[in-house]
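[1] The sequence and its predicted three-dimensional model are supplied below.
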Amino acid sequence: MMNLINTESAVKKVIAFYQLKQMAHPVYQNKFQAFIRPKKDGAYTFSFLIQDAIDEDTFVYGNTEKDISDIKERELTNDSDLLDKNIPINCALNKVSYDNKLNKLEGISPANQKKIFLHLLDGKVKQKMAVYQSLAQKWILLQMKCFDYYHRPLCLLDAIHITSTTGAENEWIYDFAESINNIKINMQKAIAEEFSNEINKPVYLKPYDSHSQFDLSKTHI
């Protein structure tokens, strides 16, 4: 069974393998081989080996459930600059609300409106966000954490100047960077789907009790 790791760990492993190759004598660099393959579920496999030294090993990265779980567990920061940086992050988050008429999130600058992926949410979800401010805040919180989760790995890849490694022998590192971008896009869609499914759950009411006319269960939003 192939090892399943999160995307952040995958990037660190791939960069380490690439840097090891760069440190090797040019005569031996062609012995460092790697392959990136997409899976049907949107994840990818990364296989690598060093001929005559290390047998082929493979791991899976970009698994939707694993990445979403890790994204949710991240500490909240405002490195994405989506919120007002002049006030504490919790205060800025509390100012976020959804304007259904304008189809925009209040508390988010006009320049950042295109970065919060409202187009992935349907009208029914947006209507509930307009009524329940906490839902709009939850959405922006997820967007901020998703940004943080992929931003640092992509910056690490940029730091090794991928655009200069597109030769045949190094094409795999370029393909890996492309796979991370694809995973990020797929993860935004998956987050939106999970968020929408949670919000669109039906409202459940307790069976009517003639002795307690107003005894209703909590609404599940």
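    Received it, and whenever you're ready, just let me know what you need. Numbering: from 1, shown residues only.

[2] from here on, contacts and neighbour counts on C-alpha atoms
    Noted.

[3] can you give me the strands in this protein?
    Using DSSP state E, the strands found in the chain span residues 3-4, 32-38, 44-50, 54-61, 97-99, 104-106.

[4] what's the most buried one of those?
    Between the strands of the chain, strand 97-99 has the highest mean count of neighbours, a mean of 21, where neighbours are mean count of other C-alpha atoms under 10 Å.

[5] Please enumerate residues in contact with that one?
    With contacts defined as C-alpha atoms under 8 Å, 6 or more residues apart in numbering, strand 97-99 is touched by 104-107, 126, 129-130, 133-134, 136-137.

[6] cool, and stretch 122-138?
    Counting by C-alpha under 8 Å, 6+ apart, stretch 122-138 makes contact with 93-94, 96-100, 105, 196, 199-200, all of which sit outside it.

[7] thought Leu105 was touching Ala111?
    No: checked against C-alpha atoms under 8 Å, the pair Leu105 and Ala111 is beyond contact range at 11.7 Å.

[8] so who does the residue positioned nearest the centre of the chain touch?
    Against the mean C-alpha coordinate of the chain, by C-alpha atoms, centre = their mean, the closest residue is Cys146 at 4.1 Å. The contact partners of Cys146, by C-alpha under 8 Å, 6+ apart, come to 71, 188.

[9] repeat for Ala10
    Tyr61.

[10] Show the pLDDT at it.
    The pLDDT attached to Ala10 in the predicted structure is 95.
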